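Visitor: Below are the sequence and a predicted model for it; my questions follow.
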Amino acid sequence: QTSRELHPEDTVITLPHTTIGGVGNFVMMAGPCSVESEAHVSAMAKVAKDGGATILRGGAFKPRTSPYSFQGLGVDGLKFLREAADQQGMDMITEVMDEEHLDVVCEYTDMLQIGARNMQNFSLLKAVGKTDKPVLLKRGMSATIDDLMNAAEYIAAGGNTQIALSERGVRTFDNKYTRNTFDVSAVPVLKKLTHFPIIADPSHAEGHWDLVTPMALAGTASGADGIVVEIHDNPEKALSDGPQALKPHTYKEMTHEVFALHDML
Ligand code: PEP
Ligand code: MN
């Protein structure tokens, strides 16, 4: 069901405020890595919207590398993100980390995110495949293109074909200066192989805020259907992924350039 050969038309995902995929549609998703508080996510939603995003991102359940790092606000985080999205007339996306939380996440969100670390959590993929929520499936950091396609197939096999795929960087031999390596060619390869929309995530690919705009532009130029990016007004104090967060003015410059480039294509 994932193959372009069997299904030549682009998959188009329709959310209340956003259309993802299809010719001419280009989506901006932005927000903090983690939902940190009601007031903070509300302020970040305003910034996201002002820069042209129509989907607010934020993690309530966080897949942290260390068990001692901030794990997210849980259900309170879902509530705060929902309120902030509604205040701005935006759609909401958030990560579901395990099946146990799937029902409660679905109660609040418009779109589910499957994180890189869960890309091959097949029981979670099957469970998400039985919901009616659109899914952003992120590429695992060591996953091949075929691994990603097969993971998408797990979701689609359950009946849910509202899937977007995200290139968020993979591990390579030299990740000293970048958190991962943004596999820019994965975008046109996936566009060729599959009919699902492709969303570039330059934040997790790069890990450093000053590399985010160049890779957002590269992702756009390579044919992505949208960008997902992390923003924070005070990155030094962010509870997760501060070094890669764009401050509000940099974010707005980035979206301005990205939208202008997309219009030229
Ligand atoms: C995130 O979006 O904050 C995240 C944890 O992303 P990834 O799963 O790609 O690391
Ligand atoms: Mn993050």
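Guide: Done, it's in. Ligands and ions are numbered 1, 2, ... in the order given.
Visitor: For Glu230, what is the enclosing helix or strand?
Guide: strand 226-230 (DSSP states H and E).
Visitor: Just the CA coordinates for that strand, please, in CSV.
Guide: The C-alpha coordinates for strand 226-230 follow below in CSV (Å, rounded to 0.1, in the frame of the first residue of the first chain):
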residue,chain,number,x,y,z
GLY,A,226,6.7,20.5,4.4
ILE,A,227,9.1,21.2,7.3
VAL,A,228,8.9,20.4,11.0
VAL,A,229,11.1,22.6,13.2
GLU,A,230,11.7,23.2,16.9
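Visitor: Now find how far off-centre that strand is within its chain.
Guide: Mean C-alpha position of strand 226-230 versus that of the full chain (C-alpha atoms, centre = their mean, to the nearest Å) differs by 6 Å.
Visitor: Pairing partners for that strand, with directions?
Guide: With DSSP bridges as the test, strand 226-230 is paired with strand 27-31 (parallel), strand 198-200 (parallel).
Visitor: is it true that Gly130 touches Gly158?
Guide: Just to correct that, residue 130 is Lys rather than Gly. Yes - counting by C-beta atoms under 8 Å, Gly158 is a contact partner of Lys130 at 4.7 Å. All C-beta atoms are positioned from the backbone trio N, CA, C, and that covers glycine.
Visitor: more crowded one of those two?
Guide: Gly158 (15 against 11; other C-beta atoms under 10 Å).
Visitor: mind checking how far the more buried one is from ligand 2?
Guide: Applying C-beta to the ion, to the nearest Å, the value for Gly158 to ligand 2 is 27 Å.
Visitor: just to revisit the earlier point, between the strands paired with strand 226-230, which one is nearest to Asn175?
Guide: With distances scored as C-beta to C-beta, the stretch of these nearest to Asn175 is strand 198-200 (17.9 Å).
Visitor: residues in contact with Lys130?
Guide: Counting by C-beta atoms under 8 Å, 6 or more residues apart in numbering, Lys130 touches 158-160.
Visitor: no no, Leu136
Guide: So Leu136 contacts 93, 111-114, 164-166, 199, 228 (C-beta under 8 Å, 6+ apart).
Visitor: Check the burial of the residue of the stretch 101-250 of the chain found nearest ligand 2 by counting its neighbours.
Guide: Residue of the stretch 101-250 of the chain nearest ligand 2, by C-beta to the ion: Asp241 (3.8 Å). Asp241 sits with 21 neighbouring residues when counted by other C-beta under 10 Å.
Visitor: List the contacts of it.
Guide: 33-34, 203-204, 230.
Visitor: which residue ranges form the helices in the stretch 101-250 of the chain?
Guide: Remark: helices assigned in the stretch 101-250 of the chain by DSSP state H, counting those that start in this stretch are 102-108, 122-129, 145-157, 186-193, 202-206, 212-221, 248-264.
Visitor: With respect to ligand 1, which of those lies nearest?
Guide: Among these, the nearest to ligand 1 by C-beta to the nearest ligand atom is helix 202-206 (4.3 Å).
Visitor: what's the spacing between the closest one and its chain's center?
Guide: For helix 202-206 - counting by C-alpha atoms, centre = their mean - the centre lies 11 Å from the chain centre.
Visitor: Give me the contact status of that helix with ligand 1.
Guide: Yes - using C-beta under 6 Å from any ligand atom, we find that helix 202-206 touches ligand 1 at His204.
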